[in-house]
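Q: Need a 3D model of the sequence below.
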Amino acid sequence: MIDQNFIFNIVATSAGEEIDVIDMSKIDPVLLSSNTRKYNITILENYGLNGRTGYWWFHFSFDYELEKSIEVRLTNFKYDYCKDWTLEIVKCIYLGIHTADRKISFDMADEFINIAELYKLMTNAENLERYIEQYIVPLVTKRIKYSKYKPQFQFYLSYLSDHVPFMRTFQNGLKFLGYDTFLESDKPFGNILAKVKTSIERCDCFLPWIDEQYMTDGNRRSELLYAYKAKKIILPFGDRSVIEKYFTDEFSFMKFLHIYNPMNDSFFEVLQKIDETLFNFETLVL
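A: The predicted model follows:
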């Protein structure tokens, strides 16, 4: 965990360099299309991951398909005195990112997720490269893929107030990939029950954070049951060992659902699994 007593006052500057646009017509695809081709991950900057500073950033590049040296930065430098951190694509010609003001990013608002992922970054070089290759690079390449093919699924995120930062982080991640989302706390004023039903009916996927409080809250139970009866795809989060005692009677359908446990898996891993589940489902129905 970062010790806030060691916060440094750092001023970041941008070189503001112009990057030439790649002429894709002059690239021989045969040379770059091998299935065994490595990402060629290169660490460009690594500051603060020793936990001795309040601010940190990790900057690396990788190759993907027809483009070399796509650059990604993970940092908590975006906001002053804040534990939130950000994933940023800072250079990708395919996405039109060649200056600092064009970068694509999303914020991770949940402190638990931030700390858990930061521990995974604070490791030896071999594990760090494996982490980048398994979790970060696939998320960026999906963003590249979805820039031309917008995902068709829409999400409704259901939770109790204690889990707002966690679900906000997932909403940011899903939006980063291109999905449309509706966060339960974003619902407008008016007839709340009617608005919730309408929002669930319009969504394709219902993502609830389920714990004991959720399963004993009348409104949340109603949302979950309504989503099931409306035949929505339900992708729940939670600890099965804690909540499976509630999977009886009208909620017995939950016994047959996979429940993602973000306490065990990487946030980025769970986000990828959700995306892959929906991609495979979409392929089947088409």
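Q: neighbouring contacts of the helix or strand encompassing residue 206?
A: Assigned by DSSP states H and E, residue 206 falls within strand 205-210. Counting contacts by CB atoms under 8 Å, 6 or more residues apart in numbering, the residues outside strand 205-210 that touch it are 153-160, 163, 166-167, 170, 200, 214, 220, 223-224, 227, 232-238, 243, 259, 274, 278. For every residue, glycine as well, the C-beta is placed using N, CA and C.
Q: just the buried members of these?
A: Listed as buried from the contacts of strand 205-210 are 153, 155-160, 163, 166-167, 170, 200, 214, 220, 223-224, 227, 232-238, 243, 259, 274, 278; burial here means 16 or more other CB atoms under 10 Å.
Q: re earlier: centre of the chain versus the strand holding residue 206, how much separation?
A: Averaging C-alpha positions (CA atoms, centre = their mean, to the nearest Å) puts strand 205-210 15 Å from its chain's average.
Q: neighbouring strands for it, and are they parallel or not?
A: Partners of strand 205-210 in the sheet, by DSSP bridges, are strand 154-158 (parallel), strand 233-234 (parallel), strand 237-238 (parallel).
Q: any chance of these in a markdown table, with distance to residue 206 and mean pLDDT too?
A: Output for these, formatted as a markdown table (distance: least, CB to CB, whole Å; pLDDT from 0 to 100):
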| stretch | distance to residue 206 | mean pLDDT |
| --- | --- | --- |
| strand 154-158 | 5 | 87 |
| strand 233-234 | 5 | 90 |
| strand 237-238 | 11 | 88 |
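Q: And the average pLDDT for the helix or strand residue 199 falls within is what?
A: Assigned by DSSP H and E, residue 199 belongs to helix 192-202. This predicted structure assigns helix 192-202 an average pLDDT of 76.
Q: With stretch 86-100 instead?
A: 89.
Q: Likewise for stretch 207-221?
A: Rounded mean pLDDT across stretch 207-221 is 90.
Q: Spatially central, which residue of the chain would that be?
A: Among the residues of the chain, the one closest to the centroid is residue 173, at 3.1 Å (CA atoms, centre = their mean).
Q: Could you check the pLDDT of that residue?
A: In the prediction, the pLDDT value recorded for residue 173 is 91.
Q: how far away is it from residue 115?
A: Between residue 173 and residue 115 the distance is 17 Å, computed by CB to CB, to the nearest Å.
Q: ditto for residue 278
A: Counting by CB to CB, the gap between residue 278 and residue 115 amounts to 28 Å.
Q: Would you state the helices of the stretch 1-150 of the chain in chain order?
A: Read by DSSP state H, counting those that start in this stretch, the stretch 1-150 of the chain holds these helices, from start to end of the chain: 29-32, 111-121, 125-131, 137-146.
Q: Centre of the chain to the third one, how far?
A: Which is helix 125-131. Per CA atoms, centre = their mean, the centroid offset for helix 125-131 relative to its chain is 19 Å.
Q: list the buried ones in that helix?
A: By neighbour count with 16+ other CB under 10 Å, helix 125-131 contains the buried residues 128-129, 131.
Q: which other residues reach it?
A: Applying CB under 8 Å, 6+ apart, the set of residues contacting helix 125-131 is 41, 43, 120-121, 123, 266.
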